[in-house]
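A.B. asks: dropping a prediction and its sequence here:
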Amino acid sequence: MGGYILKRLLSAVPVLLGITVIVFLIMSLIPGDPATAILGAYATPENVEKLNRDLGLDEPMIERYFIWLYNMLQGDFGRSYSLNRPVLDEILERFSATLILAGTSFILCSILGILAGVVSAARQYGMADKLITFVVLIGISVPSFFLGMMMILLFAVNLRWLPVSGMYAIYGGGDLPDLIRHLTMPALALSAVATGVIARMARSAMLEVLRQDFVRTARAKGVHERRVITRHALRAAMVAIIPVLGIQAGFVLSGAVYIEIVFQWPGVGRMLVDAILTRDLLLVQGGVVFVAACYVLFNIAVDVAQSLLDPRIKT
């Protein structure tokens, strides 16, 4: 297992390097001058030239990339132009909010998706199967940001059950119940599409497993149907479900960007949008690389979990 984990970690290195190249090129080639955006009304040609020289933006692109990569490997992500603070400090502060939102959404979509898929497969062509399939299709078809806006309109504006935006109340609050009230709508909106995808894949995996010989043997021995499904079929189906969970984790992380904008959630996604608007190159590059590294590491953990269920995968 140690050799397998090491091999997966080594295979992640070129992926992360490729991400750094793509992010750096995109941010370097988009129109606009960071120095002009920073100086605003004081953006005279002399001031722009001096600031570009101070920030190192007058150096060749290749040289700037390797300087940035070298500093980042040492833990120095640079300093944010717009916030005037270290990029890594800002990312870590914002990432805690994103982790709460994305982690809650991922747990919700994993539990609800697997549960819906198992029930749908166990009651194939029954009323429960048809109802779950109908709800799943709606969940997959409706964009998360649109669902979020409709939830705000219904539960916050009309019914006044939940707060409109933010992570905590402006006055008072700040405790766990306050966080849960603010987290409910964005977490549900973000997990809707992923729940539908996981439910469909879980249903397909369970139906395939339920047709196999060892399931028929267990039933012939008189094992209770619930035990057949939960102890035998579900464990075998998880080998096919776990990779889908890894893919949906990436969807949840990327989807957090627009959900954080809709609900004004103070996470990395909102930070990246603000940084792009202000042309804060180092903050955008550092944020994207940090999130990508988290996603790659999570997928390695998913691969390890899958190999524990099915040792043949390591070969």
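C.D. replies: Done, it's in. Residues are numbered from 1 along each chain as shown.

A.B. asks: state the next helix or strand along the chain beyond the lowest-mean-pLDDT helix or strand in the chain.
C.D. replies: Least confident helix or strand of the chain, by mean pLDDT, DSSP states H and E, is helix 34-39 with a mean of 74. Downstream of helix 34-39, the next assigned helix or strand under DSSP states H and E is helix 45-55.

A.B. asks: who touches stretch 218-233?
C.D. replies: Applying CB atoms under 8 Å, 6 or more residues apart in numbering, the set of residues contacting stretch 218-233 from outside is Val118, Ala122, Met206, Val209, Leu210, Phe214, Val215. For every residue, glycine as well, the C-beta is placed using N, CA and C.

A.B. asks: about what we covered before: can I get the least confident helix or strand of the chain as CSV, trimmed to CA atoms?
C.D. replies: Provided in CSV are the C-alpha atoms of helix 34-39 (Å, rounded to 0.1, in the frame of the first residue of the first chain):
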residue,chain,number,x,y,z
PRO,A,34,-2.2,45.1,-12.9
ALA,A,35,-0.2,48.2,-12.1
THR,A,36,-2.8,50.4,-13.7
ALA,A,37,-5.6,48.6,-11.8
ILE,A,38,-3.7,49.1,-8.5
LEU,A,39,-2.8,52.7,-9.0
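
A.B. asks: one step back: and the buried ones among the contacts of stretch 218-233, selectable in ChimeraX?
C.D. replies: The buried subset of the contacts of stretch 218-233, as determined by 16 or more other CB atoms under 10 Å, is captured in ChimeraX by this line:
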select :118,122,206,209,210,215
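
A.B. asks: next step: the contacts of stretch 218-233 restricted to helices.
C.D. replies: Using DSSP state H, Val118, Ala122, Met206, Val209, Leu210, Phe214, Val215 are the members of the contacts of stretch 218-233 that sit in helices.

A.B. asks: between the residues you listed, which is closest to Tyr171?
C.D. replies: Val118 (44.3 Å; CB to CB).

A.B. asks: hang on, that closest one packs against Ala205?
C.D. replies: No: applying CB atoms under 8 Å as the test, Val118 and Ala205 come out as separate, 9.5 Å apart.

A.B. asks: quick one on the thing from earlier: mind listing what's buried along the least confident helix or strand of the chain?
C.D. replies: Of all the residues in helix 34-39, those buried under the rule 16+ other CB under 10 Å are Pro34, Ala35, Thr36, Ala37, Ile38.
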